[in-house]
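Student: Here is my input, please return the structure:
(one chain, ligands or ions: 1)
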Amino acid sequence: MYSIFVIAILGALIGSFANVVIYRVPAGKSIVFPPSSCPNCGHKIKPWENIPVISWLFLRGKCSSCKNLISFRYPLIEMITALGFGLLAWRWPIEDYGFTVIPLVIIFAMLVMMSMIDIDTLLLPDSLTLPAILVGILGTFIYAETSGLPTLSQALIGGAIGAGIIALINRVGSLVVRRFADTKERLWPLGMDQVNVAAVGGALGGWTWGLGAAAASMIINLLTRKVIRLPELIIYALWVVALLVSSLGTFISPISGISGTFMATGIVSIVGAIFWWFREMASKEPLPEEEDDEPVAMGFGDVKLAAVLGVILGWQQLLVALFLSFLLGAVGGIASRLAGGDRLIPFGPYLALSGLLALFFGQNLIQWYMGLLGLGG
Ligand SMILES: [Zn+2]
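Tutor: Below is the predicted model:
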């Protein structure tokens, strides 16, 4: 069981790297060069000053050169990653589950980075969310069979449903609560219109219909070389009608309609996100900011984060995670208001925390709930 200790130490080192990522990625700086230096005096941090937690304690939280205070946040993040890595290695020991824990600790480290960046900037960078989805999918090839973690198909369904639920909350919520300005960029050939069309198609005929509808609408965009815009209010009125039609169960089962609308919306959202991420990397200057990119409590960064959770949890535990995140988010929001805060609190950290809780306790919570309903064994 000494592997737990080794992985926890590794976690502290990765936590030290996470501090660099959290600081540099939002600023658009390289995470490799130059080596870390004191932000106050520029003093190059020596290797012995860079030992996780220990150096901070030794230096009494001060720069060795200018005695400027080093934030407690740095050792805190190193301790959190060490603890998270250790807990994951304790739950899925290498001795019993092989390398099952490896993809999980990578995703854990990425969740820590995403949460801190979201707290700092109200944005979740694509360069973290999208690769984390890939790590979760690849992880299914590594997990031991007895690990209780999702298979490839369970991961894909979980990821699609996670992205779809948050995307639909974002689109429908924006119609009800606050009208987002129509997006000016990132529409052709694949954008928000295709996400909306996928929702309607999926609700009417299942996820394959949703994907078909989105593909058809994208092909029309490509052929006409124009963006055919469809008013969202009308699309989502149609969506409600489609859900009502499928709830009658004459055409497809109500379950296929619900899962179909979430899955199709989620898949199109993630495929679109990947497309635009590559477009952005390929273009020399950054693409103009989409108006949806203005900070909102639950934006499209959370859609991608929910997909990360879906691929490591599968859809059942994902639903537990989403439920917990809404609960924690509501409690956190009320607590912040009571404390007199008026800063917009990002939803990402609540999602990440709830995903980790569901990873450890989701199965127990589902069994407990089924027991309450008298469905458990
Ligand atoms: Zn200094």
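
Student: Could you tell me the phi and psi values at residue 43?
Tutor: phi -60, psi 120 (degrees, to the nearest 10).

Student: how many neighbours does it have?
Tutor: Residue 43: 16 surrounding residues under other CB atoms under 10 Å. Every C-beta, even on glycine, is put in place using the N, C-alpha and C of the backbone.

Student: Next: residue 66.
Tutor: Neighbouring residues of residue 66 were enumerated by other CB under 10 Å; the total is 11.

Student: how about it, secondary structure?
Tutor: With DSSP: H, G, I helix; E, B strand; the rest coil as the basis, residue 66 sits in coil.

Student: Quick check: it touching residue 37?
Tutor: No: judged on CB atoms under 8 Å, residue 66 makes no contact with residue 37 at a distance of 11.1 Å.

Student: Give me the common contacts of those two.
Tutor: Shared contacts of residue 66 and residue 37 (CB atoms under 8 Å, 6 or more residues apart in numbering): residue 43.

Student: Just confirm residue 60 is within a strand.
Tutor: No: counting by three-state DSSP, one finds residue 60 to be coil, located in no strand.

Student: just to confirm, which helix or strand has the residue nearest the centre of the chain in it?
Tutor: Compute the mean C-alpha point of the chain, and by CA atoms, centre = their mean the closest residue is residue 305, 0.9 Å away. According to DSSP states H and E, residue 305 maps onto helix 300-338.

Student: now the helix or strand just after that helix: how far from the chain's centre is it?
Tutor: Downstream of helix 300-338, the first helix or strand assigned by DSSP H and E is helix 348-372. Distance of helix 348-372 from its chain centroid, counting by CA atoms, centre = their mean, to the nearest Å, is 16 Å.

Student: pLDDT of helix 348-372, averaged?
Tutor: Mean per-residue pLDDT for helix 348-372: 93.

Student: Could you list the buried residues of it?
Tutor: Within helix 348-372, the residues scored as buried using 16 or more other CB atoms under 10 Å are 348-359, 362, 365-366.

Student: Residue numbers of the stretch 51-200 of the chain in contact with the ion?
Tutor: Counting by CB under 5 Å from the ion, the residues of the stretch 51-200 of the chain lying close to the ion are 63, 65-66, 68.

Student: Scan these and report the most crowded one.
Tutor: Going by other CB under 10 Å, residue 63 tops these with 19 neighbours.

Student: and the closest residue to that one other than its chain neighbours, what does it touch?
Tutor: Leaving out its chain neighbours, the residue that sits closest to residue 63 by CB to CB, 6 or more residues apart in numbering is residue 38, at 4.5 Å. Going by CB under 8 Å, 6+ apart, residue 38 touches 45, 63, 65-66, 68.

Student: again, but for residue 168
Tutor: For residue 168, the contact set (CB under 8 Å, 6+ apart) comprises 199, 261-262, 265.

Student: Please identify the buried residues of stretch 186-193?
Tutor: Applying a neighbour-count criterion of 16+ other CB under 10 Å, one finds 186-187, 189-193 buried in stretch 186-193.

Student: Residue of the stretch 101-250 of the chain closest to the ion, please.
Tutor: residue 120 (21.2 Å; CB to the ion).

Student: Quick check: next helix or strand after the helix or strand hosting that residue?
Tutor: Using DSSP H and E, residue 120 falls within helix 101-121. The helix or strand immediately downstream of helix 101-121 is helix 126-139, counting by DSSP H and E.

Student: model confidence over that next one, on average?
Tutor: What helix 126-139 shows for mean pLDDT is 97.
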